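Undergrad: Here's a sequence, model it:
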Amino acid sequence: MGVISPVGQSIDAFWSNLKAGVCGIDRIQGIEEDIPVSVAGQVKEFDPAAHGLTPADARRSDRFSQFALAAAIQAMAQSGLVSGKNIAPERLGVYIGSGIGGIETFVAQTKVLLNEGARRISPLFIPMMISNIASGNVAIRFNAQGPSLPAVSACATSTNTAGEAFRAIKYGYADAILAGGSEAAINALAIGGFANSKALSHAEDPLQASIPFDKRRNGFVMGEGAGVLLFEEYEHAVARGARIIAEVCGYGNTNDAYHYTAPRPDATAASRAMRLALDEAGYHEGEKLYINAHGTSTPLNDKTETMAIKLALGEEDARRAVISSTKSMTGHMLGATGAVELIASALAVRDGIVPPTIGYREADPECDLDYAPNAARETALDLALSNSLGFGGHNACVVLRKYDNR
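TA: Have a look, this model is predicted:
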């Protein structure tokens, strides 16, 4: 696994800070324009060279693509896979998506167009801006000639890439796939767009801005970064002595078919995605389940997701599950959020530690489950369900089971 996030730019730092309840949300830096919100989960002091990127990599890549390549380099190093040595290039794939893609490049080149004219637009504009290019650049870096499918499904993007990678391996189309997502959209244009659609929190205090499931919640906080996981077919992994972190065992994918931003009020489609993933994973009543909730800190999402969990599990099992939203610490990383939260889920199952939902103070009667408030919790876990519920009605869920070294 590999991660670039507001709470750490390595797996060890990321996990240590999540367990400690460290908030990566802070006052926004680096934006000169007048913007309607003041806090975000930014990746601070990102040095491409420190993550194995060459000066040419950095110069020719949007920030979102740099994040993806840095996370993929970490994941491949941890995995021990080398294309052409212990895996055939045509059996190694890349499924890395982005909800928005190279919006920093888009903004910069739009300014060139308006100020200098079309003839001055960079020849690298298109290959730096398109949403699939992070996947393409990672494939080039690692000679991954197998299946390549970068999804674009808003906040569900990298849960979809993970789920589709799972299916591709399960049905024999690849031996291993780098799955994940990346986003770098903290700029005036994106912030203005999200804020004016009434999606963002206007809280001034970074510690009280992203407060999932709290009655005081009033919008999400934008985050940025990347998460990449190396999924590998079990026999292939065992044969080469891989260090297995968790077992990918279920995937659900549905659409609300209701509204372009608001969730379906009866929560039936989201609950069905959860149930599909859990059924494929062989979940049965009474197993110890951790749910890394989508938990955006918006009034509609959190109460609807709570309803969906109850519909999917039944009242008793829903109350027995331990739930948290790591967006309380990272902010909402858009197309990267699913993969980053799947990493948190894998670590939670492996270590038996549930990261907290920080900033939680005031209970909401419509959000009445166990959200692991304010402090990490040690508890033996059988499996984890990671939820992503995106604009456009996209619902994606992936289940991980604790690896038993069978």
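Undergrad: Show me where the stretch 201-350 of the chain has its helices.
TA: Along the stretch 201-350 of the chain, the stretches classed as helices by DSSP state H, counting those that start in this stretch are 234-239, 268-280, 299-313, 315-320, 327-330, 337-351.
Undergrad: Excluding covalently adjacent residues, which one is nearest to residue 272?
TA: Once flanking residues are discounted, residue 272 sits nearest to residue 254: 5.1 Å by Cβ to Cβ, 6 or more residues apart in numbering. C-beta: built from backbone N, CA, C; applies to glycine.
Undergrad: separation between that neighbour and residue 119?
TA: 47 Å (Cβ to Cβ, to the nearest Å).
Undergrad: Counting neighbours, go ahead and name the busier of the two.
TA: Set residue 254 next to residue 119 and count neighbours by other Cβ atoms under 10 Å: residue 254 wins out with 21 against 7.
Undergrad: Contact partners for the closest residue to residue 219 other than its chain neighbours?
TA: In this structure, residue 219 finds its nearest non-sequential neighbour in residue 201, 3.7 Å apart by Cβ to Cβ, 6+ apart. By Cβ atoms under 8 Å, 6 or more residues apart in numbering, the contact set of residue 201 is 37, 39, 209, 210, 217, 218, 219, 220, 221, 297.
Undergrad: Contact partners for residue 274?
TA: Counting by Cβ under 8 Å, 6+ apart, residue 274 makes contact with 252, 308, 309, 312, 313, 385, 387, 397.
Undergrad: among these, who's most crowded?
TA: Using other Cβ under 10 Å as the neighbour criterion, residue 397 leads those with 32 neighbours.
Undergrad: would it count as being in a strand?
TA: Yes - the assignment for residue 397 by DSSP: H, G, I helix; E, B strand; the rest coil puts it in a strand.
Undergrad: What's the separation between the residue nearest to residue 272 and residue 310?
TA: 17 Å.
Undergrad: can you give me the end-to-end distance of stretch 94-106?
TA: Using Cα to Cα, to the nearest Å, the end-to-end distance of stretch 94-106 comes out at 24 Å.
Undergrad: chain center to that stretch: distance?
TA: Averaging C-alpha positions (Cα atoms, centre = their mean, to the nearest Å) puts stretch 94-106 13 Å from its chain's average.
Undergrad: Buried ones in that stretch, by neighbour count?
TA: By 16 or more other Cβ atoms under 10 Å, the buried positions in stretch 94-106 come out as 94-106.
Undergrad: And those, which is closest to residue 172?
TA: Proximity of the buried residues of stretch 94-106 to residue 172 (Cβ to Cβ) peaks at residue 95, which lies at 15.8 Å.
Undergrad: how much space is there between that closest one and residue 139?
TA: Residue 95 is 10 Å from residue 139, where distance means Cβ to Cβ.
Undergrad: any residues in contact with both of these two?
TA: With Cβ under 8 Å, 6+ apart, residue 95 and residue 139 have common neighbours residue 148.
Undergrad: out of the helices of the stretch 201-350 of the chain, nearest to residue 159?
TA: Checking the helices of the stretch 201-350 of the chain against residue 159 by Cβ to Cβ gives helix 337-351 as the closest, at 3.2 Å.
Undergrad: and the closest one, average pLDDT?
TA: Averaged over helix 337-351, pLDDT sits at 98.
Undergrad: any idea how far it is from the chain center?
TA: With Cα atoms, centre = their mean as the basis, helix 337-351 stands 9 Å off its chain's centre.
Undergrad: Would you give the sheet partners of whichever helix or strand comes after it, along with the direction of each?
TA: Using DSSP states H and E, the next helix or strand after helix 337-351 towards the C-terminus is strand 353-354. The pairing partners recorded for strand 353-354 under DSSP bridges are strand 377-378 (antiparallel).
Undergrad: Parallel or antiparallel, which strands does the helix or strand that residue 384 is a member of pair with?
TA: Using DSSP H and E, the element containing residue 384 is strand 383-390. Strand 383-390 sits in its sheet next to strand 289-292 (parallel), strand 394-402 (antiparallel), going by DSSP bridges.
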